[in-house]
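S.K.: no sequence on hand, only this structure:
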Ligand SMILES: Nc1ncnc2c1ncn2[C@@H]1O[C@H](COP(=O)(O)OP(=O)(O)OP(=O)(O)O)[C@@H](O)[C@H]1O
């Protein structure tokens, strides 16, 4: 489903006039419908891999070959901004610990919008959004409130609901359970298991290794080669 070949990414630290090589030739393969967990020490580049796949970051070299429904095999390093926008709406989801709040958009509208983007009817979007909010235990009293007032855990659960409800072909999970309590974590786990059954391919970073157990089909260890120095 996704094949990363010799991916390289560095950041220019302008105030030091230095370059930080964050990814130095990463290669990995994720078969369709499987779950790859990425582990490695803090700062080793785990999030940078996910952000490069989602194209939040542009890579300097390498390939990210994604088997897309709309475009066939597409290299996400080279994809046009238009293709990236399409894939984000229809095929690739990304969940981090941070919620992208839209101004004057309620929690329910936010989840509905994820579905409307897919071309689902308003009626179906509302029903599915309500189901997702229920699943992730967002209190019904909050459905018509603005999420910028939510607690950290509520924001996180809403974020996950927005991504999961779309049943994307590829879902990138960047520590989505950080700061969630045990019962919320279980809800996330249930949702991931359901997505897997429905064929979603997943790549995830979790500090909670216990959470990953039995969920991941394979683990990618950020190697010592990723230890880096400013140049
Ligand atoms: N936007 C950025 N600008 C400059 N440097 C960055 C940027 N994003 C990441 N880095 C640097 O790249 C390296 C890898 O960061 P990354 O966030 O991918 O690590 P990580 O393994 O996910 O860490 P953690 O487990 O602590 O979240 C770090 O040294 C970080 O400082």
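M.R.: Here it is on my side, so go on. Model, not experiment: these values are computed from the prediction.
S.K.: lowest average confidence across helices and strands of the protein, where is it?
M.R.: Across the helices and strands of the chain, mean pLDDT, DSSP states H and E gives its lowest value to helix 209-212, namely a mean of 78.
S.K.: which residues of this structure lie near the ligand?
M.R.: Neighbours of the ligand within the chain, by CB under 6 Å from any ligand atom: 11, 20, 22, 40, 42-48. C-beta coordinates here come from the backbone N, C-alpha and C atoms, glycine included.
S.K.: could I get these as CSV with pLDDT, secondary structure and neighbour count?
M.R.: Listed next are these as CSV, based on pLDDT from 0 to 100; DSSP: H, G, I helix; E, B strand; the rest coil; neighbours: other CB atoms under 10 Å:
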residue, pLDDT, secondary structure, neighbour count
11, 93, strand, 13
20, 88, strand, 15
22, 89, strand, 22
40, 89, coil, 17
42, 88, coil, 6
43, 89, coil, 14
44, 91, coil, 20
45, 93, coil, 23
46, 94, helix, 25
47, 94, helix, 18
48, 95, helix, 22
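S.K.: now the two most distant members of those.
M.R.: Longest distance between any two of the residues of the chain next to the ligand is 17.3 Å, between 11 and 40; criterion CB to CB.
S.K.: counting contacts, what elements does the helix or strand just after the least confident helix or strand of the chain pack onto?
M.R.: As assigned by DSSP states H and E, the chain's next helix or strand after helix 209-212 is strand 218-221. If contacts are counted by 3 or more CB pairs under 8 Å, 6 or more residues apart in numbering; DSSP states H and E, strand 218-221 sits against strand 35-39.
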